[in-house]
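*Asks:* sequence unavailable; structure follows:
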């Protein structure tokens, strides 16, 4: 399965993507607000990819590679992941030289729409540290709202959320809770 936007293609991450994704996931500036921190080696990224492949197999979705359609360059990752408590989180990270171009919001909006329309999720969250202004802007741009403050992996965060759009009769159109 691929997701396409006017400027981006998102496809499942494969082991051969490790070097390209390490440019993003190994950058301390990009990973400043990551609970796991920056990857220290391509092998760390390869392990992260294997986790994603298992997640995809178990749930039918995961973090995907984000490629520019104009040249096929991998510029980051975006997708959905089931958290330990059963909530589904949207995540997005882009290579630092791609910041400020609107790619994160474009990719995340496509995943939000896919999560509601195709996966039929009822709610999607984004666990964001209060100091992560860039991520907060992306969440707000795609229509997420600030929810409760909570602790996530020992770190204070704000649980941003979006809910499935209501149908004409006022019910929520999505039903899947994972």
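*Replies:* Arrived safely, thanks for sending. Keep in mind it's a predicted model, so treat the numbers as computed, not measured.
*Asks:* quick one: contacts of stretch 26-33?
*Replies:* 24-25, 37-42, 44-45, 93-96, 128-129, 131-132, 135 (C-beta atoms under 8 Å, 6 or more residues apart in numbering). C-beta here means a position set from N, CA and C on the backbone, and glycine is covered the same way.
*Asks:* can you list the buried residues in it?
*Replies:* 26, 27, 30, 31, 33 (16 or more other C-beta atoms under 10 Å).
*Asks:* please apply the same query to stretch 107-124.
*Replies:* So for stretch 107-124, counting by 16+ other C-beta under 10 Å, buried means 107-112, 114-116, 119, 121-124.
*Asks:* and the strands in this structure, which stretches?
*Replies:* Residue ranges of the strands in the chain, as given by DSSP state E, are 3-4, 8-12, 63-68, 74-82, 88-94, 123-128, 145-152, 155-163.
*Asks:* check contacts around residue 128.
*Replies:* Counting by C-beta under 8 Å, 6+ apart, the residues that residue 128 touches are 33, 135, 136, 139, 157, 158, 160.
*Asks:* so what pLDDT did it get?
*Replies:* Residue 128 carries a pLDDT value of 97.
*Asks:* and if you look at the one 4 residues further on?
*Replies:* Predicted confidence (pLDDT) at residue 132: the value is 96.
*Asks:* ok, now residue 168?
*Replies:* So, for residue 168, pLDDT stands at 61.
*Asks:* got it, and residue 171?
*Replies:* Residue 171 is given a pLDDT of 50.
*Asks:* related to what we said a few turns ago, list just the nearest of the contacts of residue 128 to residue 3.
*Replies:* Closest approach between those and residue 3, by C-beta to C-beta: residue 139, at 18.2 Å.
*Asks:* these two touch, right, that closest one and residue 126?
*Replies:* Yes - the pair residue 139 / residue 126 is scored as a contact, 5.0 Å apart, by C-beta atoms under 8 Å.
*Asks:* walking through this protein, point out its helices one by one.
*Replies:* Secondary structure of the chain (DSSP state H): helices at 18-25, 42-59, 103-117, 133-141.
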